[in-house]
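>>> Any chance you could fold what I've pasted below:
(one chain, ligands or ions: 1)
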Amino acid sequence: MSICKLIDFKTLKDERGSLIALEQGQDIPFEIKRFYYIFNISKGFERGFHAHSNLKQMAIAVSGKCMFLIDNGIKKEEMYLDNPNKGLFIDGLIWREIKEFTEDCVLVVLANDHYKEKDYIRDYKEFIKKVNLYNN
Ligand code: T46
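Numbering: from 1, shown residues only. As a prediction, the model looks like this:
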């Protein structure tokens with residue numbers, strides 16, 4: 001079983017182009033309190049390198065591509081976001097590193113809570129400690 005679910009969104013296509021509509025409670029399994037986007041990523045830079053104590057997020061590369069290295073403290077997986085119809089649902093104590101951004105990447109993230117720096121675990125050793133506490 002994967003650490004995080006990769007969700008396929010329905011694309012509504014016609015001769016004018018494509019449209020994807022996401023609805024809370026249907027495509028997004030949480031209440032959306034925040035929406036942010038990451039773009040103009042400088043060449044070769046990586047982001048993330050943290051976990052959250054209590055946050056649900058859905059990440060979508062609406063343009064370009066990037067790779068999420070996700071880690072639950074026991075195993076690691078690489079998940080590629082390379083199509084606007086794919087959403088990576090990150091729930092629970094998951095370390096994430098975001099890499100391999102293409103120049104045109106626009107990463108949209110929906111979250112179930114407001115920004116709270118206190119919720120971030122930015123130290124990997126601290127993350128592992130929390131995972132061990134949680135599993136014992
Ligand atoms: C995540 C990945 C996918 C705010 O003020 N409000 C916000 O909502 C966010 C997300 C960030 N910030 C501030 C905090 C930092 O001073 O923006 C600055 C950059 O944030 P950070 O270094 O956390 O960015 P990333 O790209 O490493 O991580 C972000 C999210 O923070 C994180 O929750 O899962 O994107």
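>>> Could you use CA atoms for every contact and neighbour count after this?
Noted.
>>> What does the pLDDT read for Asp82?
Asp82 is assigned a predicted lDDT (pLDDT) of 98.
>>> check contacts around the closest residue to it other than its chain neighbours.
Closest residue in space to Asp82, ignoring its immediate chain neighbours: Lys65 at 4.4 Å, by C-alpha to C-alpha, 6 or more residues apart in numbering. Lys65 sits next to 80-83, 100-102, 104-105 when contact means C-alpha atoms under 8 Å, 6 or more residues apart in numbering.
>>> Below-threshold pLDDT in this protein: ranges please.
Flagging of the chain using pLDDT under 70 yields an empty set of residue ranges.
>>> Flag every residue of the chain that's near the ligand.
For the chain, the contact set with the ligand under C-alpha under 6 Å from any ligand atom comprises 47-48, 115.
>>> Could you let me know which of the residues you listed ends up closest to Ile3?
Gly48 (16.7 Å; C-alpha to C-alpha).
>>> So the residue of the chain found nearest the ligand, which state does it fall into?
With C-alpha to the nearest ligand atom as the measure, the residue in the chain that lies nearest the ligand is Gly48; the distance is 3.3 Å. Following DSSP: H, G, I helix; E, B strand; the rest coil, Gly48 is assigned to strand.
>>> Tell me how far it lies from Asp123.
Counting by C-alpha to C-alpha, to the nearest Å, the gap between Gly48 and Asp123 amounts to 11 Å.
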